[in-house]
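Trainee: Sequence and predicted structure are below.
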Amino acid sequence: MASTMSTVVATAGLTLLLGSLADAALADAALANRWPSLDSPELGQGPYSSMHMMLQKTFLRINVATIDVRVDKQAQARLAAQARDKTYSDALSSQLAQTIMSADRAVVQMHFARDVSLNRWMGVVQDSLEQARRAGLIDADLERRVKDGLPQWFAALKDRGYEKGDRLIYSMIPEGTLTMVVSAGNQMLVHRVDTDPGARRVVLSSYFAPESDFREPLLRSLLAKKS
């Protein structure tokens with residue numbers, strides 16, 4: 001699979017790995033019974049609230065996944081002030097990305113259009129962790145901890161992997177981050193609560209870091225569609 005495929009799978013899994021369930025009582029109250037939705041009333045609606053892209057294998061134009069991002073109303077207002085009547089540029093993209101990565105509330109959904117084996121996924125997650133560390137998004141200790149924890153954390157997908165139609169959903173609120181993997185038939189495959197306050201920013205950074213495959217197309221959609 002091409003490098004683009006590796007990036008999407010690695011990024012999809014990166015922040016499922018953060019933190020622990022030590023503060024589960026607090027997180028459960030705010031997160032565990034919530035079903036993340038791009039249409040949540042807590043999120044912005046209308047111009048400058050959402051982004052959408054189709055990730056494709058570059059050469060053959062094979063669809064890999066659709067990615068949707070929606071931010072809260074406060075972040076929406078900041079994005080509107082920064083982007084209104086402007087066209088895409090590197091300078092503007094840096095400003096917009098910082099606003100998105102600082103959002104208190106956001107939902108990110110990745111809808112897989114292809115099957116991906118778990119072994120391949122774990123390999124590219126490790127590569128992604130190294131890239132994140134080099135970019136200053138995580139430190140060496142977290143990188144090691146995540147790599148050591150991969151087999152246990154994703155044991156539920158050991159034989160199955162990701163299948164076409166699966167959705168990987170992140171819901172980020174001030175109390176923490178909820179990560180879910182849901183099958184095409186709405187079966188819950190992974191349900192992980194993370195109360196690490198840095199998890200929300202790391203999730204969004206994995207999509208909006210300068211070298212991410214997602215940053216430019218997502219931000220261009222924000223400017224073009226304004227919806």
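Mentor: Ah, there it is. Numbers count the residues shown, from 1 in each chain.
Trainee: tell me which element the residue lying farthest from the centre of the chain falls in.
Mentor: Centroid-distance maximum for the chain: Asp85 at 27.6 Å, with CA atoms, centre = their mean. Per DSSP states H and E: Asp85 is located in neither a helix nor a strand.
Trainee: Same question for Ala80.
Mentor: Here Ala80 sits within helix 73-83, counting by DSSP H and E.
Trainee: residues making contact with that helix?
Mentor: 42-44, 46-49, 71, 92, 95-96, 99-100, 102-106, 222-223 (CB atoms under 8 Å, 6 or more residues apart in numbering). All C-beta atoms are positioned from the backbone trio N, CA, C, and that covers glycine.
Trainee: quick one: buried residues of whichever helix or strand comes after it?
Mentor: Where DSSP H and E defines the elements, the next helix or strand beyond helix 73-83 is helix 90-101. By neighbour count with 16 or more other CB atoms under 10 Å, helix 90-101 contains the buried residues Ser93, Gln95, Leu96, Ala97, Thr99, Ile100, Met101.
Trainee: Quick check: can you name the pairing partners of the lengthiest strand in the chain and their directions?
Mentor: Selection of the longest strand in the chain by residue count, based on DSSP state E, yields strand 62-71. Strand 62-71 pairs in its sheet with strand 50-57 (antiparallel), strand 106-112 (antiparallel), by DSSP bridges.
Trainee: and the first one, how far out from the chain's middle?
Mentor: When distances are taken as CA atoms, centre = their mean, to the nearest Å, strand 50-57 is centred 12 Å away from the chain's centroid.
Trainee: avg pLDDT for that strand?
Mentor: The average pLDDT within strand 50-57 is 87.
Trainee: Now do the same for Ala184: its pLDDT.
Mentor: The model's pLDDT for Ala184 equals 92.
Trainee: Three-state assignment for the residue nearest to it when sequence neighbours are not counted, please.
Mentor: Closest residue to Ala184 apart from its sequence neighbours, by CB to CB, 6 or more residues apart in numbering: Gly165 at 2.8 Å. For Gly165, the assignment made with DSSP: H, G, I helix; E, B strand; the rest coil gives coil.
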